[in-house]
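>>> coords please:
(one chain, ligands or ions: 2)
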Amino acid sequence: MKSILIIDDEESIRKSLEGIFIDEGYSVISEEFGEEGLKIFSEKLPNAVLLDIWLPDSDGINILNSMAKINKNIPVIMISGHSDIDTAIKTIKMGAYDFIEKPLSLDRVLITVENALKFNELNEKKITLAQSTLRYEDELIGNSDKIKDLKNRILKAAVSDAPILITGENGTGKELVAKSLHFNSSRREEPFIAINCAAVPEDLIESELFGHEKGAFTGALARKKGKFELADGGTLFLDEIGDMSLRMQSKILRVLQDNRFQRVGGESTVEVNARIIAATNKSLEDEIKKGNFRSDLFFRLNVIPFFISPLRERKEDIPVLVDYFIDKFNLGNKQKLYITIEDNAMELFKNYLWMGNVRELKNIIERFAIMHYGSKITKQDVADELKIGIEECGNNNEDNNGDDRINSKLESNISVYQDNKTISKYIDINSLRKAKEAFERDYIILKLKENNFNISNTAKKIGMSRRNLHNRIILLNIDSHIHNINAEIKE
Ligand SMILES: Nc1ncnc2c1ncn2[C@@H]1O[C@H](COP(=O)(O)OP(=O)(O)OP(=O)(O)O)[C@@H](O)[C@H]1O
Ligand SMILES: [Mg+2]
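Ligands and ions are numbered 1, 2, ... in the order given. Sure thing, here's the model as predicted:
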């Protein structure tokens with residue numbers, strides 16, 4: 001029900017306005033004093049306001065200004081006496097929606113308020129769409145049966161409103177699939193609102209999801225809508241749901257059951273109609289066994305499950321994705337200095353394990369487009385970038401998805417590290433990528449020292465192209481550690 005706030009000191013005006021708006025199905029709050037009216041405004045955030053210019057305790061203009069500071073999107077219609085027309089015009093310049101002259105024509109009041117509400121609705125939609133994280137420039141690319149099947153399932157599932165749970169490793173495209181589901185549904189014109197449950201601190205997540213009333217906690221200066229309310233009519237994407245606390249899981253479960261909730265610090269019930277899509281890279285079955293995830297929430301969410309395979313299990317998609325990202329990043333090159341790729345370089349891409357999946361592939365192509373613009377990417381460039389030897393890539397064995405290769409690579413690396421007694425130095429680094437970078441940085445610094453900081457000679461010695469060594473020095477921040485090489489870097 002839409003709500004109207006009337007602030008006017010004349011009781012007869014309040015009563016007659018109340019009467020017509022209640023008859024028309026609005027909820028009405030009316031108030032005699034400006035300051036009290038302002039308080040109600042900040043607490044209730046009505047859909048429209050009728051505000052008298054002359055009030056016993058304050059000036060309508062000041063109240064209008066204060067309202068704009070709290071929420072400038074709520075339309076305020078000024079009520080003015082015949083002698084205040086100049087002031088009324090001034091209020092329009094200050095942001096009032098319109099003004100109506102006394103004596104009031106009730107028809108005119110109704111029409112003005114209805115127009116204002118339509119305007120407000122459009123405005124709200126514009127704001128919510130701007131807050132929605134949707135940029136639908138990305139297509140779901142791939143020719144593999146797995147991707148074809150995924151696309152088919154998206155089309156079927158998009159028609160329904162049932163909750164969806166998307167699982168898959170990091171960077172496989174879970175968010176992309178969620179957006180695709182939204183865009184293929186009848187909700188496409190409505191907002192797509194995403195929340196990363198792992199990124200919001202525990203004490204804020206409740207207010208982020210459900211909103212809060214004015215004064216619900218220190219810093220809650222006005223009522224704020226939560227993600228559920230913003231997603232009304234559209235889609236709510238609960239990303240990294242596996243990282244949500246058990247306390248929040250039970251709150252989410254309740255909303256999924258009733259489609260209603262209360263804002264933090266509020267008593268009134270808010271009803272919403274949002275399609276829920278959740279995603280996680282964890283196995284929720286395992287999390288349930290560990291006691292970290294509620295099984296009843298899992299069953300609620302898992303009505304339509306989507307699993308996205310890792311890229312190494314659909315190698316046919318790699319060349320299409322490489323071409324797609326090359327075109328995409330070339331398009332972004334303002335100097336029109338495009339990259340192309342040597343045919344045999346593609347083999348390396350196909351046989352790499354892509355633990356970071358499509359995101360890792362996309363990032364590498366973007367890096368090529370920036371660091372090697374205008375050139376043809378060679379097999380050696382790719383090998384350097386992926387930090388693998390060219391000889392490793394002839395192996396086209398797709399049966400075990402490269403697990404044997406990973407193992408033998410790990411084994412030989414471990415024995416090298418143990419022989420050199422260097423492993424203890426990196427043992428405290430818990431991320432393999434960071435450990436590799438730390439090792440690489442030490443190694444390059446050592447080799448640069450051995451070669452008197454001459455980049456060309458060092459590159460030759462360690463079997464890397466000069467350009468790539470140069471890039472690694474910058475990417476690994478080696479240039480800021482060692483002064484001597486700065487002159488050469490800048491040459
Ligand atoms: N099949 C695909 N076609 C085109 N682009 C893709 C595809 N899959 C993923 N991408 C792109 O890869 C990047 C990572 O995808 P996305 O963010 O959807 O993955 P995610 O599974 O949500 O990752 P994370 O688990 O790390 O959150 C995005 O830029 C996305 O557009
Ligand atoms: Mg994601």
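>>> C-alpha from now on. contacts and neighbour counts both.
Fine.
>>> Close to ligand 1: what parts of the protein are there?
The chain has residues 138-142, 169-176, 281, 358-359 near ligand 1, with proximity defined as CA under 6 Å from any ligand atom.
>>> which secondary structure elements does the lengthiest helix in the chain contact?
When the chain is parsed with DSSP state H, its longest helix is helix 106-131. Contact partners of helix 106-131 among helices and strands, from 3 or more CA pairs under 8 Å, 6 or more residues apart in numbering; DSSP states H and E: helix 11-23, strand 48-52, strand 98-101.
>>> centre of the chain versus it, how much separation?
28 Å (CA atoms, centre = their mean, to the nearest Å).
>>> for it, what is the average pLDDT?
Per-residue pLDDT over helix 106-131 has a mean of 81.
>>> can I assume I195 sits in a strand?
Yes - assigned with DSSP: H, G, I helix; E, B strand; the rest coil, I195 falls within a strand.
>>> For it, give the beta-bridge partners.
Beta-bridge partners for I195, by DSSP bridges, are L238.
>>> Nearest to ligand 1: which residue in the stretch 301-450 of the chain?
Across the stretch 301-450 of the chain, the shortest distance to ligand 1 (CA to the nearest ligand atom) belongs to R359, at 4.1 Å.
>>> What distance do you get for V28 to I79?
As judged by CA to CA, to the nearest Å, V28 and I79 stand 16 Å apart.
>>> ok, now I6?
10 Å.
>>> can you list residues touching both of those two?
Each of L50, L51 lies in contact with both I6 and I79 under the rule CA atoms under 8 Å, 6 or more residues apart in numbering.
>>> number of nearby residues for E213?
Applying other CA atoms under 10 Å, we find 24 residues neighbouring E213.
>>> P103 too?
11.
>>> And the strands in the stretch 351-491 of the chain?
Here the stretch 351-491 of the chain has its strands, by DSSP state E, counting those that start in this stretch, at 376-377.
>>> tell me the pLDDT at S80?
pLDDT at S80 comes out at 87.
>>> give me every residue that touches it.
With CA under 8 Å, 6+ apart, S80 has these contacts: D52, I53, W54, A88, F99, I100, E101, K102.
>>> Pick the one among those closest to ligand 1.
Looking across the contacts of S80 and measuring by CA to the nearest ligand atom, the closest to ligand 1 is F99, at 48.5 Å.
>>> so the closest residue to that closest one other than its chain neighbours bridges to which residues?
Spatially, and ignoring its direct neighbours in sequence, F99 is nearest to M78 (4.4 Å; CA to CA, 6 or more residues apart in numbering). Here M78 sits in beta bridges with L51, F99, going by DSSP bridges.
>>> what about M78, how many neighbours?
26.
>>> And the next helix or strand past the longest helix of the chain?
Counting by DSSP states H and E, the next helix or strand C-terminal to helix 106-131 is helix 145-158.
>>> pLDDT on that next one, on average?
93.
>>> Mind giving me the packing neighbours of it?
Packing contacts for helix 145-158, counted by 3+ CA pairs under 8 Å, 6+ apart, involve helix 174-183, strand 304-308.
>>> Kindly present these as CSV, with separate columns for mean pLDDT.
Shown next, in CSV, are the helices and strands packed on helix 145-158 (pLDDT from 0 to 100):
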stretch, mean pLDDT
helix 174-183, 94
strand 304-308, 95
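>>> For A162, which of those is the nearest?
A162 lies closest to strand 304-308 among these, at 7.1 Å (CA to CA).
>>> Can you give me the buried ones in stretch 296-314?
By neighbour count on 16 or more other CA atoms under 10 Å, the buried set for stretch 296-314 is 297-298, 300-302, 304, 306-314.
>>> same deal with stretch 438-451?
F439, E440, R441, I444, I445, K447, L448.
>>> Then stretch 330-345?
So for stretch 330-345, counting by 16+ other CA under 10 Å, buried means N330, Y338, I339, T340, I341, A345.
>>> lowest confidence element among the helices and strands of the protein?
helix 403-419 (a mean of 43; mean pLDDT, DSSP states H and E).
>>> Now do the helices in the stretch 201-350 of the chain.
Using DSSP state H, counting those that start in this stretch, the helices of the stretch 201-350 of the chain run over residues 202-210, 227-230, 246-258, 284-289, 295-301, 317-331, 345-351.
>>> Which one, of those, ends up nearest to K15?
Short answer: helix 227-230, nearest of these by CA to CA, at 32.6 Å.
>>> tally of neighbours for R14?
18.
>>> and if you look at N477?
Neighbours of N477 (other CA under 10 Å): 12.
>>> so what's it up against?
N477 neighbours (CA under 8 Å, 6+ apart): none.
>>> next one: F349
Neighbours of F349 in contact, by CA under 8 Å, 6+ apart: I318, P319, V382.
>>> I'd like to know how far the first one sits from F119.
Note on I318: its distance to F119, by CA to CA, is 48 Å.
>>> before we move on, what about M248?
From M248 to F119 the distance is 36 Å (CA to CA).
>>> Give me the buried positions along stretch 281-300.
In stretch 281-300, counting by 16+ other CA under 10 Å, buried: N281, K282, L284, N292, F293, R294, L297, F298, R300.
>>> For that stretch, measure first residue to last.
Using CA to CA, the two ends of stretch 281-300 sit 18 Å apart.
>>> Just want to know which of V28 and I79 has more residues nearby.
Applying other CA under 10 Å to V28 and I79 shows that I79 carries more neighbours, namely 26 against 18.
>>> Thank you kindly, that will do.
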